[in-house]
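K.L.:
got a predicted structure plus its sequence, pasted below:
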Amino acid sequence: MNHDKPLVWLASKIKTPPFSWAARIETGLLLRRLQQGELLSLPHSRPMPTIGLRCHELRIHDLQVTWRIIYRIDPDAIVILEVFPKKTNHTPQTMIEKCQRRLVHYDD
């Protein structure tokens, strides 16, 4: 029996390009670990309580850019809120608000 949690994509995709092939493979492996119930921590992931409960930021280092995948761990799924290149140390407030709105809409 397969007890892996499905990925629920609310926005964005991981594709080549803009992800390099290596970054796409790394992302797939990390998402698979999440689907199997593993809780990732630094350096791969960190909690994002400003977005909501059980929300995290996956970090993917690519050739010229570092990607972020905002996700939430639900009992029945891994919910992907956004994929974006991160260029500063702080997550933009607009991105936080966009993810919060998506969660409200998804939870309704």
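P.N.:
That came through, no problem.
K.L.:
burial count for the nearest residue to residue 54 once chain neighbours are set aside?
P.N.:
Excluding its sequence neighbours, the residue lying closest to residue 54 (C-beta to C-beta, 6 or more residues apart in numbering) is residue 73, at 4.7 Å. (Each C-beta comes from the backbone N, C-alpha and C, glycine too.) By the criterion of other C-beta atoms under 10 Å, residue 73 has 16 neighbours.
K.L.:
hang on, isn't residue 73 packed against residue 53?
P.N.:
No: counting by C-beta atoms under 8 Å, residue 73 sits too far from residue 53 to count as a contact (9.4 Å).
K.L.:
which residue is the nearest non-sequential neighbour of residue 60?
P.N.:
Residue 60 sits nearest to residue 67 (C-beta to C-beta, 6+ apart), 4.1 Å away.
K.L.:
just to be sure, the one you found is in a strand?
P.N.:
Yes: counting by DSSP: H, G, I helix; E, B strand; the rest coil, residue 67 is part of a strand.
K.L.:
thought residue 85 was touching it, still the case?
P.N.:
Yes: counting by C-beta under 8 Å, residue 67 touches residue 85, with 5.8 Å between them.
K.L.:
between these two, who's got more neighbours?
P.N.:
More crowded of residue 67 and residue 85, by other C-beta under 10 Å: residue 67, with 21 against 13.
K.L.:
and the more buried one, what's its pLDDT?
P.N.:
On pLDDT, residue 67 comes in at 92.
K.L.:
ok, it - contacts?
P.N.:
19, 23, 27, 59-61, 83-86 (C-beta atoms under 8 Å, 6 or more residues apart in numbering).
K.L.:
SS state for residue 79?
P.N.:
What three-state DSSP gives for residue 79 is strand.
K.L.:
count of residues packed around it?
P.N.:
23.
K.L.:
try the one 10 residues further on
P.N.:
Neighbours of residue 89 under the rule other C-beta under 10 Å: 5.
K.L.:
who's in contact with it?
P.N.:
By C-beta under 8 Å, 6+ apart, the contact set of residue 89 is empty.
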